[in-house]
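[1] have a look at this prediction, sequence included:
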Amino acid sequence: MLERYLVEHCSPTLASIKTANLFNMPYASWKELDGQLKSLKQQFAEKGISLSVVRKREGTALIYVYRRQKLKEDLTKPGVAEFLQTYGYENTDVDQAIERLHIRLEKGGNFPHEIGLFLGYPLGDVKGFIENAGKNSKCAGCWKVYCNECETMKLFERFRKCREIYLRLWQQGKPVWKLAVAA
């Protein structure tokens, strides 16, 4: 079941056309899910992909699948560090930033909308979502778009095609770790 979730929710990241994806994974046994995650972490590591449980609840885990190098690049884009500082991020070191995100997710309450930056969303769209309380977007796909509508819609179409192709290949028997592109 974990492989299916990875293909359905993370194909653009596995194909290296998106920084990261996030999905909720239901589980009956934490020990079983943890074992599957450890195995996939080893297989994906050689391809530059990391998996992290960023929030765990009874029966469900929020799994973050990301390309470390792409995330590092995204977090050093102009304006990102200053923006994240307003949410208590002391720096943009990948591990420290993910740890801060993990803490914010575990606290509960409002979902931390800066998470969009960790998923490869443009800063303008993240700010637009926060400033507009999720309303008044130009369009929506994988996220709500406030800037560069045409360019982003083309990107959403690439993500959709990627997901379609990866799902078909996986259903034909190709293991998810073999679908992952090396960085």
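    Okay, I see it. Residues are numbered from 1 along each chain as shown.
[2] relative to residue 52, how far out is residue 95?
    10 Å (Cβ to Cβ, to the nearest Å). In short, each C-beta sits where N, CA and C put it, glycine included.
[3] and the two? which has more neighbours close in?
    Neighbour count, other Cβ atoms under 10 Å: between residue 95 and residue 52, residue 52 has more, with 18 against 9.
[4] can you pull up the bridge partners for the more buried one?
    Going by DSSP bridges, residue 52 is paired in beta bridges with residue 64.
[5] for it, give its distance to residue 104.
    Taken as Cβ to Cβ, the span from residue 52 to residue 104 is 14 Å.
[6] what do you get for residue 159?
    Applying Cβ to Cβ to residue 159 and residue 104 gives a distance of 26 Å.
[7] just residue 163 next, same as before
    Applying Cβ to Cβ to residue 163 and residue 104 gives a distance of 28 Å.
[8] residues near residue 76, how many?
    The burial count for residue 76: 11, using other Cβ under 10 Å.
[9] what's near enough to touch it?
    By Cβ atoms under 8 Å, 6 or more residues apart in numbering, residue 76 lies in contact with residue 92.
[10] residue 153 versus that one, what's the distance?
    Distance from residue 76 to residue 153, by Cβ to Cβ: 26 Å.
[11] which helix runs longest in the chain?
    Ranked by residue count under DSSP state H, the longest helix found in the chain is helix 149-171.
[12] got the buried residues for stretch 21-31?
    By neighbour count on 16 or more other Cβ atoms under 10 Å, the buried set for stretch 21-31 is 21-22, 25, 27.
[13] run the chain-centre distance for stretch 98-108.
    14 Å (Cα atoms, centre = their mean, to the nearest Å).
[14] only the buried residues of that stretch, if you could.
    98, 100-102, 104-105.
[15] ok, and what's touching that stretch?
    By Cβ under 8 Å, 6+ apart, stretch 98-108 touches 52, 54-55, 62, 64, 87-90, 111-112, 114-115, 118.
[16] which pair in those spans the largest distance?
    Taking Cβ to Cβ, the two most distant members of those are 62 and 90; they sit 22.7 Å apart.
[17] who has more neighbours out of those two?
    residue 62 (18 against 11).
[18] contact partners for the more buried one?
    By Cβ under 8 Å, 6+ apart, the neighbours of residue 62 are 22-25, 53-56, 105.
[19] spit out the contact partners of residue 91.
    81, 97 are the contacts of residue 91 under Cβ under 8 Å, 6+ apart.
[20] how much space separates it from residue 54?
    Residue 91 is 18 Å from residue 54, by Cβ to Cβ.
[21] residue 47 now?
    Residue 47 is 20 Å from residue 54, by Cβ to Cβ.
[22] tell me which of these two has more neighbours.
    residue 54 (19 against 16).
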